[in-house]
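S.K.: Predicted model follows, preceded by the sequence.
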Amino acid sequence: MALENHSKIICYSSEHFEWSCPERGVGGFGHRWRVALLFPPIQLKGKSIVMEQKTEAPEVKDATPSKAKTEWYKTGFGIVVAIVILPFFGIWWIWARSKMNKIAKLVLTGLISLFVIIVMISGGSSSTTTPTTSNGSVKTNTPAQKVVYDIPSYMGKNADEVKALLGTPKSTYEPNAQQASAGVDEGSIDYEKDGQPLLITYNSKTRAIIDFFLEGSDENKMYASGNLNKKSNDYLTEAVKQANDSSKITGLKASKKLASELDGSVKYNLVAFEISNNENYNWTECRLKLNDKYKNETGSTIKAKDKLVVNFSDFTDKDGTRFNFLSQEAQSLYVSCHTNLQTLRSNYFSIK
């Protein structure tokens, strides 16, 4: 039976109190009872009854069973987030809500506590600082300097070997015979590559390289250009200052680091010492001390692969008294000299 909201059904009564509903074509008390139940209220109009139908649309329920909604913090992902962000909540949940055994709870509690400690330490130690130079000015990020000459790889090689590595030089200098006889024993090779000049000085007699000189006013750039390290144990470096302004430099020198002990020998006769330099480098500014008492501080130079004769009479004590070779015997000689960039090379020779 189709129903419409507020529809009206008109029925008539008979002598036997039976209801007749022509629109439906059905009579009887049972029908009246059914109609009365389904379509209240009833309005009497003479012998007719007007039943006003007031219906409501039936409520439609979803046949699909609904799932219980779980709060996000009770999901596995939520618990992980809570443990990471809120460690103390994680510890509380482990002990108050989880069904883990005691050992597992202790392990997880320890890991969370360790995590908190690491975060606190790293957070406290990290700070934002502005890099400054030694004079207090702010450093700026500059691109890495290019290596032009790999000077450390040249150390220990002679002038001819380095020349073969670097190719044709810009210019060279070699003392001639007359200059050599006058004591000039230094030659040089001049290079320029990628705008960076390099001067190599060597001993013309032994061909051993004395030093490498990188020309420039920027010390850091010179170190980078020569692939040099200030803290190296294989070579020495020294910034060369300008003669008229010590706050500025003209370049950077580098030379091989030699053994602290001089390689030489000493002989003597009745009146003098003969000191031999067995190395490929000149000994300069030499200081001599006889029998740990008498000194000779004239600053002599002992040439590479050469000898120097020093008279006994050239040694004096602190009072100015000369060594008397007639009444005294030479027992020892201490020799201290400069070599290239090294200032503390020496040797102690016993005399027999």
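M.R.: That came in fine, so what should we check first?

S.K.: Could you list the low-confidence segments of this protein?
M.R.: For the chain, residues meeting the criterion pLDDT under 70 lie at 1-86, 88-89, 119, 122-144.

S.K.: Swap in 90 and give it another go.
M.R.: 1-146, 270, 325-326, 341-344, 351-352 (pLDDT under 90).

S.K.: Counting residues, name the longest helix you see in it.
M.R.: Criterion DSSP state H: the longest helix present in the chain is helix 102-125.

S.K.: Run through the neighbouring helices and strands of it.
M.R.: Judged by 3 or more CB pairs under 8 Å, 6 or more residues apart in numbering; DSSP states H and E, helix 102-125 is in contact with helix 87-96. C-beta here means a position set from N, CA and C on the backbone, and glycine is covered the same way.

S.K.: what about the strands in the stretch 51-200 of the chain?
M.R.: Secondary structure of the stretch 51-200 of the chain by DSSP state E, counting those that start in this stretch: the strands cover 171-173, 186-193, 196-203.

S.K.: Just say which of the ones you listed is most tucked in.
M.R.: strand 196-203 (a mean of 20; mean count of other CB atoms under 10 Å).

S.K.: what's that one packed up against?
M.R.: So strand 196-203, by 3+ CB pairs under 8 Å, 6+ apart, packs with helix 159-166, strand 186-193, strand 209-215.

S.K.: Any idea what the closest residue to residue 159 other than its chain neighbours is bridged to?
M.R.: In space, and not counting its chain neighbours, residue 159 is closest to residue 202: 3.8 Å by CB to CB, 6 or more residues apart in numbering. Judged by DSSP bridges, the bridge partners of residue 202 are residue 187, residue 209.

S.K.: which residues does residue 202 contact?
M.R.: Residues in contact with residue 202, defined by CB atoms under 8 Å, 6 or more residues apart in numbering, are 158-159, 186-189, 208-210.

S.K.: swap in residue 294?
M.R.: Applying CB under 8 Å, 6+ apart, the residues contacting residue 294 are 315-317, 322-323.

S.K.: Next, count neighbours for residue 159.
M.R.: Residue 159 is flanked by 23 other residues according to other CB atoms under 10 Å.

S.K.: Check which residues of stretch 325-341 are buried.
M.R.: Using 16 or more other CB atoms under 10 Å as the burial criterion, the residues of stretch 325-341 that qualify are 325, 330, 333, 335-341.

S.K.: and these as TSV, adding secondary structure and distance to residue 225?
M.R.: Below are the buried residues of stretch 325-341 laid out as TSV (DSSP: H, G, I helix; E, B strand; the rest coil; distance: CB to CB, whole Å):
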residue	secondary structure	distance to residue 225
325	coil	54
330	coil	50
333	strand	43
335	strand	37
336	strand	34
337	strand	31
338	strand	26
339	strand	25
340	coil	20
341	coil	18
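
S.K.: Relative to residue 240, which of the residues you listed is nearest.
M.R.: residue 341 (10.6 Å; CB to CB).

S.K.: May I have the phi/psi pair for that closest one?
M.R.: With angles defined as degrees, to the nearest 10, residue 341 sits at phi -90, psi 0.

S.K.: Might you report the residue contacts of it?
M.R.: Taking CB under 8 Å, 6+ apart as the definition, contacts of residue 341 comprise 211, 236-238, 253, 255.

S.K.: swap the cut-off to 6 Å and go again
M.R.: 236, 238, 255 (CB atoms under 6 Å, 6 or more residues apart in numbering).

S.K.: I'd say the second one and residue 254 touch.
M.R.: No. Between residue 238 and residue 254 there is no contact under CB atoms under 6 Å: 7.9 Å.

S.K.: Who has more neighbours out of the two?
M.R.: Taking other CB under 10 Å, residue 238 and residue 254 do not tie; residue 254 has more neighbours (26 against 15).

S.K.: Outline the domain layout of this structure.
M.R.: 8-52, 72-108, 151-256, 264-350 (automatic domain parsing).

S.K.: now the strands for the stretch 251-352 of the chain?
M.R.: Going by DSSP E, counting those that start in this stretch, the stretch 251-352 of the chain shows strands at 264-268, 272-277, 283-290, 294-302, 306-311, 332-339, 342-350.
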